[in-house]
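coordinates for the following, if possible.
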Amino acid sequence: MRNTDFQRTLSAQDLSATRLSRWYDRLHVDPILVTLLTVVIALGLVVLRSAVGGNEPLYEAQLQRIGVAYIALIVAAQIPPHFYLRMAPLIYLLGLLFLIFVLFFGVLVKGSQRWLDIPGLFRVQPSELMKLAVPMAVAWYLQKRSLPPSMKYTSVCLCIVALPAFLIGRQPDLGTSILVFGAGFSVLLLAGLSWRWVLWAGLAVAAAAPLIWQFVLEGYQRQRILTLFDPQSDPLGAGWNIIQSTTAIGSGGLFGKGLFQGSQSYLEFLPEARTDFIVAVLGEELGFVGVAFLLLMYLLIIARGLWLASQAGSTFGRLLAGAFVLTFFVYVFVNVAMVSGILPVVGVPLPLVSYGGTSAITLMAGFGVIMSVRTHKAW
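Numbering: from 1, shown residues only. As a prediction, the model looks like this:
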């Protein structure tokens, strides 16, 4: 009798597990990845609550945007990859059109013209859309061609990537321009682009560095690069951001000063505390342990995303999902390196933690696409 009861218990547990699995399958989501994303978002909301101080409307707006981001993830996961394949050229062309609109009709905020204002509705940043559209277009172009790509195919892909990156750079938004270029270029790397060509391209860029410095970079961008090597040369000007962010991170020590106890952000010494430099708030209030925990969560998200990409049922799916994951990695690396004084300040927010709606929605939609190419294999 006991043996029979035990078997019934196991059968009931197996049935419950099967139902749970089917429930996730029906939604086409990966529970592990969703859990990891939720942990990062929850930590981000806690830190953001401290960074915004008493600005309740701003915090409530971010909560609403996070809700929309989850909806975007679920919706993107339901759409089969063949739909993304068909729509890739159209999405890319629409993105280019929006970027052109931004140059002529965009809203000017803090010296940059990056947003389109939809009267009475919302404000959108089209450059964020291109983080999805560019790798999607490159993957679409390569999916029926022999891999690794030839020089001809590589040249076409570089043109697909360079045009939106150039338009974004004209806003000016160097950080997003770099991320968009990296998103498209990562598809080429995943497609098997020869590292010999990458090396030659790197040498060509290095040789052209004087021309880029003189004719491409804006004056303030050159100043940021110079300040990286010696922030104390202009402590009240260009070096202020780096000095204050590293001071905040260093003052947190091992365990931090405690939530809502950070002086750098509360006394407004720390610039852009709720956007680009929010990791400094985390470091000051939760210390090395808090930052290490966040980086571990990011690492797990990247590892899970790459595994899901490897399980895709098509070349297009593998290239697209892998590119999204690598772009997310670059996103995290650039922000943390920027705030730590390793890279120049280029205005890249910390993914899923910094304040901002378009970025969070775009990232979560990208993870939804990754889940879609994993679960929709029969196409």
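
pLDDT below threshold where in the stretch 251-379 of the chain?
Residues of the stretch 251-379 of the chain meeting the criterion pLDDT under 70: 264-269, 377-379.

ok, which stretches of it are helices?
When assigned using DSSP state H, counting those that start in this stretch, the helices of the stretch 251-379 of the chain occupy the ranges 263-266, 278-310, 315-339, 357-375.

CSV for those helices, including distance to Asn241 and mean neighbour count?
For the C-beta atoms, the positions are set from N, CA and C on the backbone; glycine is no exception. Written out in CSV, the entries for the helices of the stretch 251-379 of the chain read as follows (distance: least, C-beta to C-beta, whole Å; neighbours: other C-beta atoms under 10 Å):
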stretch, distance to Asn241, mean neighbour count
helix 263-266, 12, 20
helix 278-310, 10, 20
helix 315-339, 9, 23
helix 357-375, 19, 24
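
wait, which of those helices is closest to Phe185?
Closest approach to Phe185 among the helices of the stretch 251-379 of the chain is made by helix 315-339 (8.9 Å; C-beta to C-beta).

what separates that closest one from the chain centre, distance-wise?
Once both centres are worked out by C-alpha atoms, centre = their mean, to the nearest Å, helix 315-339 turns out to sit 7 Å from its chain's centre.

angle of that helix against helix 357-375?
140 degrees (axes from the mean of the first three to the mean of the last three C-alpha atoms, to 10 degrees).

next, the angle helix 278-310 makes with helix 315-339.
For helix 315-339 against helix 278-310, the angle by the same axes, to 10 degrees is 160 degrees.

could the helices of the stretch 251-379 of the chain be laid out in TSV, adding distance to Ser146?
What follows is the helices of the stretch 251-379 of the chain, written out as TSV (distance: least, C-beta to C-beta, whole Å):
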stretch	distance to Ser146
helix 263-266	53
helix 278-310	21
helix 315-339	11
helix 357-375	21
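
for Val134, which of the ones you listed is the nearest?
helix 315-339 (8.8 Å).

phi, psi of Leu116?
Here is the backbone geometry of Leu116 (degrees, to the nearest 10): phi -110, psi 130.

ok, it touching Leu129?
No. Using C-beta atoms under 8 Å as the test, Leu116 is too far from Leu129 to be in contact (10.7 Å).

which neighbours do those two share?
Applying C-beta atoms under 8 Å, 6 or more residues apart in numbering, one finds that Leu116 and Leu129 are jointly contacted by Phe98.

still on that earlier bit, right, so of the helices of the stretch 251-379 of the chain, which gets closest to Leu73?
Each of the helices of the stretch 251-379 of the chain was scored for nearness to Leu73 using C-beta to C-beta, and the closest is helix 357-375 (4.0 Å).

other SSEs contacting that closest one?
If contacts are counted by 3 or more C-beta pairs under 8 Å, 6 or more residues apart in numbering; DSSP states H and E, helix 357-375 sits against helix 31-51, helix 56-78, helix 81-105, helix 126-142, helix 278-310, helix 315-339.

model confidence over stretch 150-167, on average?
Confidence over stretch 150-167 (mean pLDDT, whole number) is 92.

now it: how far from the chain's centre is it?
In terms of C-alpha atoms, centre = their mean, the centre of stretch 150-167 is set 21 Å apart from its chain centre.

over to stretch 50-69?
From the chain centre to the centre of stretch 50-69 is a distance of 19 Å (C-alpha atoms, centre = their mean).
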